[in-house]
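A.B. asks: here you go, sequence then predicted model.
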Amino acid sequence: MDPSPTVGFARLPQSGLIELRARYGDRPGPYLLDSGSMLDVVNSAVHPFEPGEEVDTTVLYMEGESLAVHTYEAEPFLIGRYAHQPPQVIAVEVPYTASDGGPMHGLLGHPLFQETPIGIDWGKQTLTFGPVPPALGVRLSLPVEITGEHACVLAILDGEPLKLLLETAAPFEVLLHRPDFDPAPFQSDEEAGTRRFTLPRLAVEGGGLSGVAAVHDPDPKAPADGRIGLGVLSRYNLWIDYPGERVLLMDR
């Protein structure tokens, strides 16, 4: 197999999220690339499972709530020429609509990113599965901490360390959940209990991200201090390298 297979992707209208074509078992279809999903997800409306097939249960954190969900033994995914074999999948109804107007078949999440580095080229609209090539012309290397099924970018804001969940299926730039964060020093607007503002600089190892649009939405149950989404990541071509515990940002 090609050591660095490349596949094309589409971007969903309005949100700009990444949609990949993949085959799960004998059925091809569209999947969202979602680094924030703790396990790969298949749409139970498209891929039905028989009662009694579940092998475990786990807790899925979604929209501020903890949900108990069944997991199932996984069949392999084929993404272009790249074969991905997660240990288990979650089967739930997936609420997203694909770019062709049909149902989204599922989410490709944390297990895929743990398995291989993934390069994203926005101009060519391609994904490349590792290894990371040398001589990339890296603008910034963001350190990433892997804890269980979560990966967090490590940053500093106003002298305080932050752990931001890496979210490739979120269109925003930065969402801050930490209740003790005070957005008052930053220009902000009140909206439905949240505060929107611009961060002049979000420091990371070796540099910083400037002019980041952020929202403070306090949530003491959130698994991290906040989230960093495609609104920031799509400014750059990048390699998301969980095995190397880093995200490499290059100029587009």
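C.D. replies: Yes, it's here.
A.B. asks: name the next helix or strand downstream of the lowest-mean-pLDDT helix or strand in the chain, please.
C.D. replies: Lowest by mean pLDDT, DSSP states H and E among the helices and strands of the chain is strand 188-191, with a mean of 64. From strand 188-191 onward toward the C-terminus, using DSSP states H and E, the following helix or strand is strand 194-204.
A.B. asks: average pLDDT for the following helix or strand past that next one?
C.D. replies: Along the chain past strand 194-204, the next helix or strand (assigned with DSSP H and E) turns out to be strand 207-216. Per-residue confidence for strand 207-216 averages out to 90 on the pLDDT scale.
A.B. asks: and for stretch 100-117?
C.D. replies: Within the predicted structure, the mean pLDDT of stretch 100-117 is 95.
A.B. asks: figure out the length between the terminal residues of it.
C.D. replies: Stretch 100-117 has an end-to-end distance of 28 Å (criterion: C-alpha to C-alpha, to the nearest Å).
A.B. asks: list the buried residues of it.
C.D. replies: Of the residues in stretch 100-117, those with enough neighbours to count as buried (16 or more other C-beta atoms under 10 Å) are 103-113, 115-117. Quick note: C-beta positions are derived from backbone N, CA and C, even for glycine.
A.B. asks: what do you get for stretch 199-214?
C.D. replies: 199, 202-204, 209, 212, 214.
A.B. asks: got a list of contacts for it?
C.D. replies: The contact list for stretch 199-214, computed with C-beta atoms under 8 Å, 6 or more residues apart in numbering, reads 139-143, 153-157, 162, 172-176, 183, 186, 196-198, 231-232.
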